[in-house]
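Enquirer: I'd like to go over a predicted model; first the sequence, then the structure.
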Amino acid sequence: MSDYDALIIGAGHNGLVCAAMLAKKGQRVLVLEALPQTGGLAQMRSFHAGFRAPIAHSAPAFSKRVADKLALKKYGLEFGSAQPTVGLSENGTHIRLLGDEVTGASPSDIAAYPDYRKKLRRYAKALDGVWHNTAPRLGTGLKDALVYAQNGLKIRLLGKEDMGEFLRVLTLPMRDLIDEVFETPELQGLLSWDGVIGSKLAPRSPNNAILPLLLKMNRPEGGDMLVPKGSMNALVKALSEAAMAAGVTIETGQSVKQILIEGKETGQRATGVELADGRLITADKVISSADPKTTFFKLLGPQYLEIEFSNRMKRLRTDGFVAKFHMALSKAPEITGISDLTGRFLIAPSFDAIEFAYDEAKYGTPSTHPVMEFTLPSLSDPTLAPPGQHVLSAHVMYAPYSEKTGWSEATRAQFETRILDTLQGYIPNLAEIRQAHELLTPVDIEREYHITGGHWHHGEMALEQMLMMRPTYQAAQYATPVPGLYLCGAGTHPGGGLLGIAGWNAARQILK
Ligand SMILES: Cc1cc2nc3c(=O)[nH]c(=O)nc-3n(C[C@H](O)[C@H](O)[C@H](O)COP(=O)(O)OP(=O)(O)OC[C@H]3O[C@@H](n4cnc5c(N)ncnc54)[C@H](O)[C@@H]3O)c2cc1C
């Protein structure tokens, strides 16, 4: 008998959701995490004495269904109210968005916004079943045809006109979607942000932004900024406790070196793992929440894969374009024209500001004028900084993984200066309150969090890598071509972000 029914590689949020779901159904589950703590990118990191921040600083799309199913409230997870998104402008007339309300934009934009948002929310709702189910296989039996039909019906129920509009907007670049309706540059920049953040995309990029945007709007709050009460700590703690309460064993500081395969060429099967310290653990199912390239090339080995599958995996687009920037501040920042510091602040004041920043990164150069989103996580969790002091957490674009110099010390220093200069333009007291900072490029994220390319989603959320093609059509239903080996992380359907859905879908599929 194997040591466990299921062994999960990685205790990121998807690994924990998958583990909890399987254990609730009576499986004996072990989770092995290389890092000293659970949570993957949602866990806290210390970046300066007394100051901590998570890589992922908000969870606007964490699935309500998953949270309810795992009774995460019982383990302390509660989301605070939705928080505003503020698009900063240099002249101090900022755009503020919350729910259906927008301020600071032109009168016609303010009047148009509620309808625009309602429309996108209708589309997001129609896709809910698509995200919360295994993607159907291509060209197979009746069961998959039924899933296609069910999903199609939800979209058909939008009504003829809305369905036509839905299909039209799906492939639009963010810029085209937005400038059909809105004219205020700062609002245009702000609205395109959630379609492009995390990906190799800018407002003019075709085809790939709308689906990820609609995925981010899957919760009742419709994509507004959401942070768990007590910050990301509360999410990680609730998921870990729910898993352990269901009977899951979690071992941190345990790096999986390789997936064990037994059997001859015709009947090979994953039977367990070998850890970095040489320990062997057997399991009926090995489920990896590590990204697909790590799983197939580092942990399994291409010798167990058909050449065609292996080539497809090699071609997966996994280069990250987002850097993380943390600052330790001796007191609260003063932002010109802002009295309430809750919410997230965007420095992306127009389509072109984002597009030009992207243009350089496409060719391997960090943006001269970076665009970014920042929050103050210490507002919702004062334990992240010493009393009265604060942490600033920023997602900065664009920082290409394949930077021309390989992120030499000089390039890093130059990029840090550009980020600081940009922030200083909006936070006049920054130089006075700044104590320390940390820059994590995608290369650093790859090294420290074991994610190929340091990619936000473990792989681009592009049409050719989404739905029944994520990560590729031979592994899009969480099972892989190697019997006994499954995937459950952000590199699978529906994709990345703190959603919990990939882990949930994977567990349900594995239990079938
Ligand atoms: C800079 C940045 C900022 C982001 N900000 C946000 C945000 O604000 N909001 C949001 O919703 N999303 C954000 N994201 C995206 C989100 O964090 C990820 O998509 C999500 O965390 C993926 O979750 P996961 O559980 O699938 O994988 P991960 O969180 O990556 O967890 C996988 C785990 O597997 C472990 N692992 C890998 N290999 C091994 C091995 N060999 N042995 C043992 N363990 C292993 C890793 O150590 C890791 O803990 C951000 C991403 C980045 C890069």
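Expert: Received the coordinates, thanks.
Enquirer: And Lys160, what's its pLDDT?
Expert: Per-residue pLDDT puts Lys160 at 85.
Enquirer: what does the stretch 1-150 of the chain have sitting close to the ligand?
Expert: 9-15, 32-35, 40-42, 55-59 (C-beta under 6 Å from any ligand atom). Using the backbone N, CA and C atoms, a C-beta is placed for each residue, glycine as well.
Enquirer: again, only this time at 5 Å
Expert: By the rule C-beta under 5 Å from any ligand atom, the part of the stretch 1-150 of the chain lying against the ligand is 10, 12-14, 33-35, 40-41, 55-58.
Enquirer: Just to be sure, which of those residues are found in helices?
Expert: The helices, defined by DSSP state H, take in 13-14 from those.
Enquirer: Drop anything exposed from the residues of the stretch 1-150 of the chain next to the ligand.
Expert: With burial judged by 16 or more other C-beta atoms under 10 Å, the buried subset of these is 10, 12-14, 33-35, 40-41, 55-58.
Enquirer: related to what we said a few turns ago, take the residues of the stretch 1-150 of the chain next to the ligand and write them to a markdown table, including pLDDT.
Expert: Below are these laid out as a markdown table (pLDDT from 0 to 100):
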| residue | pLDDT |
| --- | --- |
| Gly10 | 98 |
| Gly12 | 98 |
| His13 | 98 |
| Asn14 | 98 |
| Glu33 | 98 |
| Ala34 | 98 |
| Leu35 | 98 |
| Gly40 | 98 |
| Leu41 | 98 |
| Ile55 | 97 |
| Ala56 | 98 |
| His57 | 97 |
| Ser58 | 97 |
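Enquirer: and Phe325, that's in a strand?
Expert: Yes: Phe325 forms part of a strand when assessed by DSSP: H, G, I helix; E, B strand; the rest coil.
Enquirer: residues contacting it?
Expert: 372, 374, 392-394, 396, 416, 419, 437-440 (C-beta atoms under 8 Å, 6 or more residues apart in numbering).
Enquirer: Over to the residue of the stretch 301-450 of the chain found nearest the ligand: give its phi and psi.
Expert: Closest to the ligand within the stretch 301-450 of the chain is His450: 3.6 Å, counting by C-beta to the nearest ligand atom. The phi and psi values for His450, taken as degrees, to the nearest 10, are phi 60, psi 40.
Enquirer: Quick one: residues contacting it.
Expert: His450 sits next to 10, 34, 290, 294 when contact means C-beta under 8 Å, 6+ apart.
Enquirer: gap between it and Ala283?
Expert: Plainly put, His450 is 20 Å away from Ala283 if you go by C-beta to C-beta, to the nearest Å.
Enquirer: can you count the residues close to the residue nearest to Asn151 when sequence neighbours are not counted?
Expert: Closest residue in space to Asn151, ignoring its immediate chain neighbours: Val130 at 5.1 Å, by C-beta to C-beta, 6 or more residues apart in numbering. For Val130, the tally of surrounding residues (other C-beta atoms under 10 Å) stands at 21.
Enquirer: Was I right to think Val130 contacts Arg470?
Expert: No: the pair Val130 / Arg470 is not scored as a contact, 11.9 Å apart, by C-beta atoms under 8 Å.
Enquirer: Endpoint to endpoint, stretch 340-359 covers what distance?
Expert: This stretch, stretch 340-359, spans 34 Å end to end (C-alpha to C-alpha, to the nearest Å).
Enquirer: so how far is that stretch off the chain centroid?
Expert: Stretch 340-359 sits 18 Å away from the centroid of its parent chain (C-alpha atoms, centre = their mean, to the nearest Å).
Enquirer: where does the stretch 201-350 of the chain come near the ligand, residue by residue?
Expert: 255-256, 289-290, 322, 324.
Enquirer: Ranking by neighbours, what's the top pick from those?
Expert: In these, the most neighbours by other C-beta under 10 Å go to Ser289, 32 neighbours.
Enquirer: check contacts around Leu498.
Expert: Taking C-beta under 8 Å, 6+ apart, one finds 13, 41-42, 56, 59, 61-62, 235 in contact with Leu498.
Enquirer: and the two most separated of those?
Expert: Distances among those were taken as C-beta to C-beta; the most separated pair is Leu41 and Ala61, at 14.2 Å.
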